[in-house]
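Enquirer: When you get a sec, could you give me coordinates for this:
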Amino acid sequence: MSIDGMSNMLNTNIRLIGLSSGLDTDTIIQQLMSIENMKVDRVKQDRQVLEWTRDAYRDVINALRVFNDQYFDILKPETNFLSGDAFSSFNIRCSDESAVTISAGAQAAEGTHNIKVISLATGAKIEGNTGIAAAVKGSGFLNNLDLGGKQINITLDGATKTIELEDYTSLTDLEEKLTGALGKAFGSGKIKVEAQDGKIEFKLLTNGSSLGIGNPINNFISSLNLSNGQKNFITGADIDTEHLDELNGKFKIIVGDGQAQVIEIDGAEDMGALRDKLQAAIDGNAQIAGKIHVAYDDDKLSFTDLSGEGMKLVASDTDNVLDKLGFSNNINTKPTTTGVIDMTKMQKGRSFIVNINGLDKIVELDKDYDDLAELAGFIEEQLGDNMRVNSDGTRLVFSADGMDQIIFKKGPEDGMERLGFEKGDNSNSSISLGAGLEGIKSSFLSTLEIDDPDANVTFTINGQNIDVGKSYKNATLTDVMNAINNSDAKVKINYDSLRGRFVMESKTLGVSSAITFEDTKETGGLLRAMGLSEENYIGGTDAEFDLDGVEGIKRTENDFVIDGVSYRLKGVTTEAVSIDIEKDMGSVVDKIKGFVNGYNEMLDKINGLLSEERDRNYRPLTEIQKKEMGESEAEKWEEKAKTGLLRNDSLLQGIVNSMRTALYEKVEGSSLSLYQIGITTGSYLEKGKLKIDENKLEKALKDNHDEVIKLFSNKSQYSYKDSLDSLDKRAIRYKESGLAQRLSDILQDNIRVTRDLKGNKGRLLEKAGIGGDVTEFDNLLNKQIRGKNTLIDTLIEKMYKKQEHYYAKFTAMEKMLSQMQSQSAWLTQQMAGFF
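Expert: Numbers count the residues shown, from 1 in each chain. Alright, predicted model coming up:
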């Protein structure tokens with residue numbers, strides 16, 4: 001139980017006591033419990049001290065991290081004292097920074113250099129075909145203006161709208177009405193429709209837009225309340241024909257809303273005999289006779305619903321044979337009766353397909369229908385003699401004569417073709433990168449073939465298989481580009497919206513860079529649809545330059561280092577660029593001053609905590625004490641109570657001692673010490689703080705620059721990780737390391753978030769933890785705090801039991817007093833009769 005929950009239990013019970021004795025038992029019991037409450041308060045105060053101590057340690061951790069991040073971070077080379085580059089500051093003058101920029105490292109020398117850039121290093125690239133056109137024009141002729149009921153999809157800048165076509169009286173009428181329809185869909189002034197030489201053209205009226213034309217899905221079949229692929233027959237799986245004689249058992253057939261009819265068979269010699277037995281059993285049942293036809297093809301059976309009511313095959317409760325016939329339980333066909341027809345949707349030009357025994361028959365309405373019976377007659381006429389289409393006033397009923405198997409399908413999607421367009425006619429002035437691939441596949445100049453819209457988009461570049469992670473149905477061009485750019489193929493791709501083309505470039509430079517790819521398909525693949533092809537491949541080149549009289553130097557990159565000087569080539573030059581390098585010791589002095597100041601601030605922080613007096617008369621306030629004090633007074637009290645918690649702390653004292661020792665023990669490999677370059681400690685009272693003689697420091701930098709670098713940044717043969725595993729290696733590393741590296745190691749020993757071989761992190765993190773790391777919760781002080789919480793729970797539970805004990809005693813006393821009072825009253829009443 002939680003601490004607060006236990007506390008509430010002590011005060012929430014309603015009690016009626018003291019009625020006989022007249023005693024204020026609640027007050028008496030509270031006074032008896034006050035000693036127990038004091039025990040709990042003392043533990044809570046101890047817990048608070050632990051929490052304050054943990055927070056004080058974390059303040060120290062943050063101070064150490066600030067210093068570490070400022071002066072020992074490889075991502076900050078200007079102030080990273082672990083590297084000699086921090087001590088190498090130069091004034092650099094370049095006659096043409098648009099062509100060359102440079103920086104100087106620790107190994108650079110003062111002097112003048114002359115460089116002439118002949119060529120830049122470039123990576124291999126493929127510039128896609130433009131694919132931009134100002135209009136989309138049909139390749140075929142418009143032969144019929146009778147387009148009512150047909151639809152097209154127009155995609156403008158990634159937004160797709162379905163446009164209803166009409167019956168037009170002339171090409172001029174088509175231009176005006178279709179332009180108006182597009183204006184309503186996308187806004188006026190964006191697309192204009194023109195008819196030229198019998199061909200239709202959609203013209204873009206805004207720069208930088210993309211346009212595509214396509215066919216929407218023909219969903220008219222749903223207006224009939226039928227579904228695409230709905231059929232009146234069921235075909236089973238292959239039957240084990242070698243054991244047909246063992247097919248003994250039962251199954252059930254349900255037709256329409258009728259009752260389940262049991263069909264029983266007792267084996268057969270072959271598939272023909274099996275079919276005959278099944279048909280005989282069905283026709284011998286008066287409820288379903290003539291409503292189902294059984295057929296077979298090779299080793300498969302099929303059941304055809306001739307009634308139009310729908311049927312279901314159901315496993316028998318006993319001796320089930322349905323699965324052996326190749327059918328699953330409850331497999332069914334839907335009725336070939338439509339739902340209630342909305343006649344407003346029965347418009348001219350709408351179409352659907354009925355497949356009869358494998359032959360598709362297209363039904364296209366020849367006018368708008370408002371009479372269902374007339375519509376039924378028209379559809380029956382279109383389907384031929386073997387189909388019957390009737391109406392019951394609100395619905396259509398399809399039924400087949402004889403053994404016909406029928407499948408309902410969505411109608412042809414041909415609005416675009418009726419206008420004289422083919423898929424290859426699509427052109428774009430730009431491509432919407434956020435549009436789905438399947439939706440814009442007709443917008444590419446080159447054909448994009450998608451065999452399976454649900455398949456993930458995958459291809460190979462430079463031998464690396466790239467999976468976009470999305471299907472053609474969901475993936476966008478942005479997804480494709482991100483997948484390429486984030487892959488290990490060492491290429492990058494971008495879209496040039498001004499020229500309307502994709503550009504793929506190698507991330508590596510030089511003649512050795514290359515781009516090879518395997519598209520999603522041999523023909524009709526995505527990459528080629530994006531305009532990327534081998535014909536547009538441009539090989540990479542090396543950088544070439546003349547430097548200080550040496551001609552024809554080549555590099556595979558535009559960034560390189562020669563004799564400690566880092567060059568970045570940015571442009572070709574016709575003349576040599578002059579570069580002057582001069583050391584800037586004043587800047588280095590400022591860096592060292594910053595380093596010393598940061599060290600002193602860190603030392604002040606720790607020394608202050610080590611020497612801070614603690615007044616043990618100031619304990620954390622209890623809740624009652626806080627209520628009795630004012631808010632301001634309570635805050636001042638707690639500030640005083642927090643002081644001195646880390647006085648003479650051995651962990652912090654060890655850090656201070658280690659840092660002071662590290663700064664004054666000799667660095668192997670350097671001939672200098674701190675005092676020789678003008679850095680010394682102050683008086684005893686300053687507790688190890690450093691002081692700088694700037695003149696002496698600047699002279700040391702000028703006279704012994706390399707030795708100063710070694711003093712601070714000398715590298716050991718062993719890494720810090722090596723030193724964690726071996727005391728011998730640690731000792732060698734300490735002697736060989738520069739002062740900055742020694743201080744860094746000391747800080748890492750205390751604040752590192754990585755673990756050593758024993759599984760330990762930095763000492764301070766193990767002690768108090770830090771936010772954002774597992775030690776925030778898993779540390780020594782938090783374990784002690786949890787121990788206090790457990791103790792508080794135990795004490796409160798004991799208090800509760802003791803309180804209940806007291807109340808039970810007082811209740812028993814009240815009961816006895818009540819009985820005595822009742823007896824006294826009775827005796828008094830009896831005695832009254834004698835007087």
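Enquirer: in stretch 474-484, what counts as buried?
Expert: 474-477, 479-481, 483-484 (16 or more other C-beta atoms under 10 Å). The way it works is simple: take the backbone N, C-alpha and C, and place the C-beta from them, glycine included.
Enquirer: element containing the spatially most central residue of the chain, please.
Expert: With distances taken as C-alpha atoms, centre = their mean, the residue of the chain nearest its centroid is Gly469 (12.2 Å). Element membership for Gly469 (DSSP states H and E) is strand 464-471.
Enquirer: in its sheet, what does that strand sit against?
Expert: strand 456-461 (antiparallel) (DSSP bridges).
Enquirer: residues in contact with the partner strand?
Expert: The contact list for strand 456-461 (C-beta atoms under 8 Å, 6 or more residues apart in numbering) reads 437, 465-472, 475, 479-480, 483-484, 487, 489, 491, 515-520, 525-527.
Enquirer: Narrow these to those that are buried.
Expert: Buried by 16+ other C-beta under 10 Å: 437, 466, 468, 470-472, 475, 479-480, 483-484, 487, 489, 491, 515, 517, 519-520, 525-527, out of the contacts of strand 456-461.
Enquirer: For Ser95, which residues are in contact?
Expert: With contact taken as C-beta under 8 Å, 6+ apart, Ser95 is in contact with 577-579.
Enquirer: Which one of those residues is nearest to Ala106?
Expert: Closest approach to Ala106 among the contacts of Ser95 (C-beta to C-beta): Ile579, at 17.9 Å.
Enquirer: Show the residue spans covered by the helices in the stretch 401-550 of the chain.
Expert: 415-418, 437-440, 477-485, 526-529 (DSSP state H, counting those that start in this stretch).
Enquirer: actually the stretch 701-835 of the chain, not the one I wrote
Expert: 705-713, 720-725, 727-736, 739-751, 763-768, 780-831.
Enquirer: Would you convert those into a markdown table that also reports mean pLDDT?
Expert: Output for these, formatted as a markdown table (pLDDT from 0 to 100):
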| stretch | mean pLDDT |
| --- | --- |
| helix 705-713 | 93 |
| helix 720-725 | 90 |
| helix 727-736 | 94 |
| helix 739-751 | 96 |
| helix 763-768 | 95 |
| helix 780-831 | 83 |
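Enquirer: what's the closest of these to Asp317?
Expert: helix 780-831 (60.5 Å).
Enquirer: Which strands or helices does that closest one pack on?
Expert: helix 3-9, helix 25-71, helix 763-768 (3 or more C-beta pairs under 8 Å, 6 or more residues apart in numbering; DSSP states H and E).
Enquirer: Go through stretch 636-647 and flag the buried ones.
Expert: 637-638, 641-646.
Enquirer: Tell me which residues are up against it.
Expert: Contacts for stretch 636-647 (C-beta under 8 Å, 6+ apart): 49, 52-53, 56-57, 60, 609-615, 618-621, 629, 652.
Enquirer: give me that answer again for 10 Å
Expert: 45, 48-50, 52-57, 59-60, 606, 608-621, 625-626, 629-630, 652-653 (C-beta atoms under 10 Å, 6 or more residues apart in numbering).
Enquirer: Is it possible to mark the buried ones in those residues?
Expert: Buried among the contacts of stretch 636-647 (16+ other C-beta under 10 Å): 45, 48-50, 52-54, 56-57, 60, 606, 609-610, 619-621, 626, 652.
Enquirer: Got the domain ranges for the protein?
Expert: The chain breaks down into these domains under automatic domain parsing: 3-41+798-829, 47-82+587-780, 90-121+542-583, 140-206, 222-410, 423-538.
Enquirer: Thr122 contacts Asp542, correct?
Expert: Yes - with contact defined as C-beta atoms under 10 Å, Thr122 reaches Asp542; the gap is 8.7 Å.
Enquirer: joint contacts of the two?
Expert: Here Thr122 and Asp542 have 509-511, 513, 558 as joint contacts, going by C-beta under 10 Å, 6+ apart.
Enquirer: Just flag the most distant two among these.
Expert: Maximum distance among the shared contacts of Thr122 and Asp542 (C-beta to C-beta): 13.8 Å, for Val511 and Asn558.
Enquirer: so who does Lys473 touch?
Expert: Contacts for Lys473 (C-beta under 10 Å, 6+ apart) come out as 436-439, 450, 452-455.
Enquirer: Can you read off the pLDDT for it?
Expert: In this model, Lys473 is scored at 88, pLDDT.
Enquirer: From Lys410, how far out is it?
Expert: 17 Å (C-beta to C-beta, to the nearest Å).
Enquirer: same check, this time on Leu205
Expert: For Leu205 relative to Lys410 (C-beta to C-beta), the value is 34 Å.
Enquirer: Looking at these two, which is more packed in?
Expert: A direct count of neighbours by other C-beta atoms under 10 Å for Leu205 and Lys410 places Lys410 higher, at 18 against 11.
Enquirer: in the sheet, who's paired with that one?
Expert: In beta-bridge terms (that is, DSSP bridges), Lys410 pairs with Phe352.
Enquirer: I figured it was touching Asn228, is that so?
Expert: Yes - using C-beta under 10 Å as the test, Lys410 is close enough to Asn228 to be in contact (4.6 Å).
Enquirer: those strands in the stretch 401-550 of the chain, which residues are they?
Expert: 406-410, 456-461, 464-471, 491-496, 501-506, 517-518, 537-538, 543-547, 550-555 (DSSP state E, counting those that start in this stretch).
Enquirer: if I look at Gln829, how far off is Met820?
Expert: Taken as C-beta to C-beta, the span from Gln829 to Met820 is 15 Å.
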